[in-house]
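Asker: sharing a sequence plus its predicted fold:
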Amino acid sequence: EAGVVQSPRYKIIEKKQPVAFWCNPISGHNTLYWYLQNLGQGPELLIRYENEEAVDDSQLPKDRFSAERLKGVDSTLKIQPAELGDSAVYLCASSLDRVTSGDNEQFFGPGTRLTVL
Amino acid sequence: AQSVAQPEDQVNVAEGNPLTVKCTYSVSGNPYLFWYVQYPNRGLQFLLKYITGDNLVKGSYGFEAEFNKSQTSFHLKKPSALVSDSALYCCAVRDDGQNFVFGPGTRLSVLP
């Protein structure tokens, strides 16, 4: 079974440029997460989708970040315009969740390492 | 809102010695607790979880964790550390239907 797929693995851009990251979760997983991870730190949630609905985007900086999961499968995270402080690893994760409980673990992709110059 | 603390940024242990990586949590309702490991230049990998039942949970690579409700802790342990265990360890908590909240991570270095 294929894991969570992310592309690109690395991206270098100049500040003020746009950038987009793509994620394909594990087949059948209804919940998808985007996280930001700084070097040596734990991941910080940006947005969580249940199917195609964004159920928690409270930590997403909406002035420059946007995300979509139109068909409830793959997802795109966009930054426009990028700032120097956006340099980090962007992680995508998915899980198969039941309505009544949240006991299933997440599976993470390899991440996209963004460098903003 | 739930939260996770990992009081040690770095833990150093000699190979063959037991290791402990600490985690405490705060959550309303029943806690679901997780440990993940991240090896250099790799994604996060699931190690183990506590949902209910036995307080001692066994996971991958010989790791185990003990849930302590009164101390709101979920410390990760291994009886005999390997150099290859050197990695970033992240504790996470989730309550029913809510998001995962990750701790800041603890970097484990196992010295030969």
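Answerer: In hand now; what should we look at?

Asker: OK, contacts around residue B:27?
Answerer: B:2-3, B:93-95 (C-beta atoms under 8 Å, 6 or more residues apart in numbering or on different chains). Every C-beta, even on glycine, is put in place using the N, C-alpha and C of the backbone.

Asker: now the residue nearest the centre of chain A: how far from chain B?
Answerer: Residue closest to the mean C-alpha point of chain A, counted by C-alpha atoms, centre = their mean, is residue A:34 at 2.5 Å. Applying C-beta to the nearest C-beta, to the nearest Å, the value for residue A:34 to chain B is 12 Å.

Asker: what helix or strand is residue B:30 on?
Answerer: Applying DSSP states H and E as the criterion places residue B:30 outside every helix and strand.

Asker: sorry, back to before: among the contacts of residue B:27, which one has the most neighbours?
Answerer: residue B:94 (27 neighbours; other C-beta atoms under 10 Å in any protein chain shown).

Asker: correct me, but that one touches residue B:101?
Answerer: Yes - applying C-beta atoms under 8 Å as the test, residue B:94 and residue B:101 come out as touching, 7.2 Å apart.

Asker: quick one: classify residue B:28 as helix, strand or coil.
Answerer: coil (DSSP: H, G, I helix; E, B strand; the rest coil).

Asker: show me the shaky parts of chain A.
Answerer: Along chain A, the model assigns pLDDT under 70 to residues A:1, A:98-103.
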